[in-house]
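Colleague: Provided below for reference: sequence and predicted model.
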Amino acid sequence: MTIKTKLTWNVIILILVIAVVAITSIIGMGFVKGKLSYLTEQSTPFQMRTVEFQRAIQGATSDLVKVSASINMGEYKTYLNEAEKSLAYVKNTQEALESLSGGRKMETYDELNSIAKEIFEVTEGRLLAEEQADMANKTIIQKLKDASNKLSEMNKKIKDLQLNRSSLFVQSVNDTRDVNSKLRNIELLKIALKDLQLVILEIMKSQNKRSLIIVRGKVNPLTNTLLQNEYLK
């Protein structure tokens, strides 16, 4: 082999080596460029979206806990509004994360939304039951107060009636005593008048002064009895 031939093959081999190195460099640069593009355009935003998604879930969970701990309907509605906004934010961040992951479907929002609906339903039912129980309790207390007031009024009326009947009874007893006293005086008067009638007959039959004196002695006490009679007064 001549020197010219050797030089020719050396040049050809060198050219081939340079070509291989160039091709390898181009392929390597393309791979590195692809990785850099992934890191800068896909990987970092994906990580950021993932962190944002986790925070959204934590915020929604915290709001759901507040909803379940509501003590009245006003507080429940306030926390419910906040929880619905948090769930909407979870949905938006999940959709953004799905778009970065090549459209891979995630079910986190659906599960969280299902749990939230159960919490909303149970909490609202609990608060409504508590309000109804409170209203029923107030109604019962008011009815008991009304019944107590009516019983007090009835008791007062009964006492007034008893006092009135007692007063009427006492008055009736006094009236009965007065009537009995008058009847007794009338009877006494009746007896005295009969005695006076008998004395008058004796006077009419008297024939002498001595008999008149005797009859007169009967008239004086009889007259005094008549004058002292209460009914006659």
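Modeller: Structure received.
Colleague: from here on, just use CA atoms for contacts and neighbour counts.
Modeller: Noted.
Colleague: for the protein, longest helix please?
Modeller: Across the chain, the helix with the greatest residue count (assigned by DSSP state H) is helix 108-205.
Colleague: okay, buried residues for stretch 66-79 please.
Modeller: K66, V67, S68, S70, Y76, Y79 (16 or more other Cα atoms under 10 Å).
Colleague: measure that stretch end to end?
Modeller: In stretch 66-79, first residue to last residue: 6 Å (Cα to Cα, to the nearest Å).
Colleague: neighbouring contacts of it?
Modeller: With contact meaning Cα atoms under 8 Å, 6 or more residues apart in numbering, stretch 66-79 is reached by D63, L64, L80, A83, I119, F120, T123, E124, L127, L128.
Colleague: try it again with 6 Å
Modeller: T123 (Cα atoms under 6 Å, 6 or more residues apart in numbering).
Colleague: roughly how far out does that stretch sit from the chain middle?
Modeller: Taking Cα atoms, centre = their mean, to the nearest Å, one finds stretch 66-79 lying 17 Å from the centre of the chain it belongs to.
Colleague: tell me the mean pLDDT over the longest helix of the chain?
Modeller: The pLDDT scores in helix 108-205 average 82.
Colleague: next structured bit after it?
Modeller: Using DSSP states H and E, the helix or strand that follows helix 108-205 in sequence is helix 209-227.
Colleague: so which elements touch that next one?
Modeller: Helix 209-227 sits against no helix or strand, with contacts defined as 3 or more Cα pairs under 6 Å, 6 or more residues apart in numbering; DSSP states H and E.
Colleague: buried residues in it?
Modeller: Buried residues in helix 209-227, counting neighbours by 16+ other Cα under 10 Å, are found at L212, V215, R216, V219, L222, L226.
Colleague: can you tell me which of those residues is nearest L168?
Modeller: L226 (33.9 Å; Cα to Cα).
Colleague: and the gap between the closest one and S70?
Modeller: Distance of L226 to S70, given as Cα to Cα: 99 Å.
Colleague: repeat for M154
Modeller: When distances are taken as Cα to Cα, M154 and S70 turn out to be 45 Å apart.
Colleague: what's the answer for S152, then?
Modeller: 42 Å.
Colleague: and the residue nearest the centre of the protein?
Modeller: Relative to the mean C-alpha position of the chain, the nearest C-alpha, by Cα atoms, centre = their mean, is the one of D134, at 2.0 Å.
Colleague: and that one, how far is that from L227?
Modeller: D134 sits at a distance of 83 Å from L227 (criterion: Cα to Cα).
Colleague: check E131 too.
Modeller: Per Cα to Cα, E131 is found 88 Å from L227.
Colleague: buried residues, the helix or strand that contains S86. List them.
Modeller: Per DSSP H and E, S86 falls inside helix 73-100. Neighbour-count burial for helix 73-100 flags 76, 79-80, 82-84, 86-87, 89-91, 93-98, 100 (criterion: 16+ other Cα under 10 Å).
Colleague: do the same with stretch 183-194
Modeller: Neighbour count says stretch 183-194 has N185, I186, L188, L189, A192, L193 buried, by 16+ other Cα under 10 Å.
Colleague: can I get those in CSV with distance to S172?
Modeller: Formatted as CSV, these follow (distance: Cα to Cα, whole Å):
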residue, distance to S172
N185, 19
I186, 20
L188, 24
L189, 25
A192, 29
L193, 31
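Colleague: just want the phi and psi numbers for S70.
Modeller: Per-residue torsions, S70: phi -60, psi 140 (degrees, to the nearest 10).
Colleague: repeat that for I71.
Modeller: In terms of degrees, to the nearest 10, the main-chain angles of I71 are phi -110, psi -10.
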